[in-house]
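Visitor: Fold the following and give me the result.
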Amino acid sequence: MTTQTIAYREALRQGLREALIRDERVFLMGEDVGRYGGTYAVSHGLLEEFGEARIRDTPLSESTFTGAGIGAALNGMRPIVEIMTVNFSLLALDQIMNNAATLRHMSGGQYNVPVVIRMTTGGGRQLAAQHSHSLEGWYAHIPGLRIVAPATHEDARGMLLAALEDPDPVLIFEHALLLNAEGTVEGEPHPMELDHAAIRREGSQVSLITYGGMLHKTLAAAEQLAAEGIDAEVLDLRTLRPLDDAAIMASVAKTHRVVVIDEGWRSGSLSAEIIARINEQAFFELDGPPVRVCSQEVPVPYAKHLEDAAIPQVEDIVVAVHGLLG
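Guide: Next comes the predicted model:
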C-alpha cells in the first residue's frame, strides 16, 4: 500500500474525483467550482476531466443553487453542493433547514434527500467577520442533518465518500486553515465511517475534546503539557451530529477531567452541549468541573493580533488545563 504526503485540499480533491468516478449520479455544483478550479483550488482540473454536466458553475445565489441540489437529490441524483464559506451558507439556511432537513419526516419517510453540502469554516486567515466564523454548532442543532468536520487528511477524502452513501443530507465543514497543511494518506480513497469519534492521542490525566481546525492546536497543546509531565488524551469528535456520546463518556471515565475546545462562541455553543451531556451521563466520574476554551464573543477581527486573541490558541488550551489541575 502506497503512502502519499499531500495537502489537505488535495485530499479533498481526491475524494471528489473518486466520488465522480464511482457513481455517474454524482455531480459538483457551486460558485467558481468549474473554470476557476474552486475558490480554494479544491476542484482544480475536475471540469476538464468530467465536463460541464458534472462540474457546474452556479450564479452567486446560495439559496438558489442549494435548492437546486436538494431538488436533484429528491430526483435520484447525488449532488455535492459547495458553498464558499459558512457565513454565506446563512443565505441558504431556509433550503437547508426547512427543506433538506425536514422533507423525509414531513413525507412520512416517502422521500430521502441524499445531498452533500460542503463549506469552509473558521478563522485565522485575516478575512474579517463575514468570512471567518465557525457556525457548525448552529447546524448541529438541527434534527434531520448529519454534521461532519474532518480534521485529518484521511477523513477529508474518505468522509465525503461515506456521506454520499447516506440517504439523508450531510453537511461537511472543512476548516480553511487546514487547506495548505500537509499530511499522509494511504492507498486509494475509500469511505471513512461517520459514526464514531477517534482518540488521536492516548492519555490518563485529562481529556481534551475537540474537532476540525482545533484538533492540531489541541495536539500541540497536549505535547506541550506532556513536556511538563501532564498526560492529556485528545478525542477528535469527527461527527458533530450525532455526537458519539459513548466515546466522550469513555474518555471522561478514564481521565476524570475534561476540557472542551471549540472555535465557536461560548454562549449556546457545541461545547456547552457536550458539557451538559457529560454532566447528565458521567457526573460522578468527574474529579473537577468541565472546562471549555472557545472563541471570544466578538465578530472575528481583521487585524492579525486581534484575530489571534479572539480565536483559541495553543496557550489558551494549556492555561485551561493548568487551571483545571490546580
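
Visitor: bridging residues for the closest residue to D23 other than its chain neighbours?
Guide: Sequence neighbours aside, R78 is the residue nearest to D23 in space, at 5.9 Å (criterion: Cβ to Cβ, 6 or more residues apart in numbering). Placement of C-beta: from N, CA and C, glycine included. According to DSSP bridges, the partner residues bridging R78 are V26.

Visitor: Quick one: residues contacting R78.
Guide: Contact analysis of R78 by Cβ atoms under 8 Å, 6 or more residues apart in numbering lists A19, D23, R25, V26, F27, P114, V116, L164.

Visitor: Sort out which one of the residues you listed lies nearest L12 for me.
Guide: A19 (10.7 Å; Cβ to Cβ).

Visitor: The closest one should be in a strand, yeah?
Guide: No: A19: not assigned to a strand; according to DSSP: H, G, I helix; E, B strand; the rest coil it is helix.

Visitor: residue ranges for the helices of the stretch 101-250 of the chain, please.
Guide: Ranges of helices within the stretch 101-250 of the chain are 103-106, 136-139, 153-164, 214-227, 245-255, based on DSSP state H, counting those that start in this stretch.

Visitor: Most tightly packed of those helices?
Guide: Among the helices of the stretch 101-250 of the chain, ranked by average contacts under mean count of other Cβ atoms under 10 Å, first place goes to helix 153-164 (a mean of 25).

Visitor: Helix 214-227 and that one, what's the angle between them?
Guide: Per axes from the mean of the first three to the mean of the last three Cα atoms, to 10 degrees, the angle that helix 153-164 makes with helix 214-227 is 140 degrees.

Visitor: Which residue, other than its chain neighbours, is closest to E165?
Guide: Excluding its sequence neighbours, the residue lying closest to E165 (Cβ to Cβ, 6+ apart) is P191, at 6.5 Å.

Visitor: okay, the residue nearest to the spatial centre of the chain: pLDDT?
Guide: With distances taken as Cα atoms, centre = their mean, A149 lies nearest the centre of the chain, 1.8 Å away. As predicted, A149 sits at a pLDDT of 98.

Visitor: With P301 instead?
Guide: Note on P301: pLDDT of 93.

Visitor: Near the nearest residue to M77 once chain neighbours are set aside, how many other residues are there?
Guide: Spatial nearest neighbour of M77, chain neighbours left out: R25 (5.0 Å); criterion: Cβ to Cβ, 6+ apart. R25: 14 surrounding residues under other Cβ atoms under 10 Å.

Visitor: what about the nearest residue to L127 once chain neighbours are set aside, neighbour count?
Guide: Nearest non-adjacent residue to L127, counting by Cβ to Cβ, 6+ apart: Y302, 7.7 Å away. Residues near Y302, counting by other Cβ under 10 Å, number 13.

Visitor: Contacts only, for Y302.
Guide: When contacts are counted by Cβ under 8 Å, 6+ apart, Y302 is found next to Q126, L127, A128, A129.

Visitor: That one: which element?
Guide: Under DSSP states H and E, no helix or strand contains Y302.

Visitor: Show me which residues of stretch 316-325 are buried.
Guide: Residues of stretch 316-325 classed as buried: D316, I317, V318, A320, V321, L324 (neighbour count, 16 or more other Cβ atoms under 10 Å).

Visitor: any idea how far the second one lies from A247?
Guide: Spelled out, it's I317. Computed as Cβ to Cβ, to the nearest Å, the I317 to A247 distance reads 20 Å.

Visitor: Identify the residues contacting the helix or strand containing A11?
Guide: Here A11 sits within helix 8-22, counting by DSSP H and E. Under the criterion Cβ under 8 Å, 6+ apart, residues 6, 26-28, 40-46, 49-50, 54, 78, 80, 153-154, 156-161, 164, 174, 178-183, 185, 188-189 lie in contact with helix 8-22.
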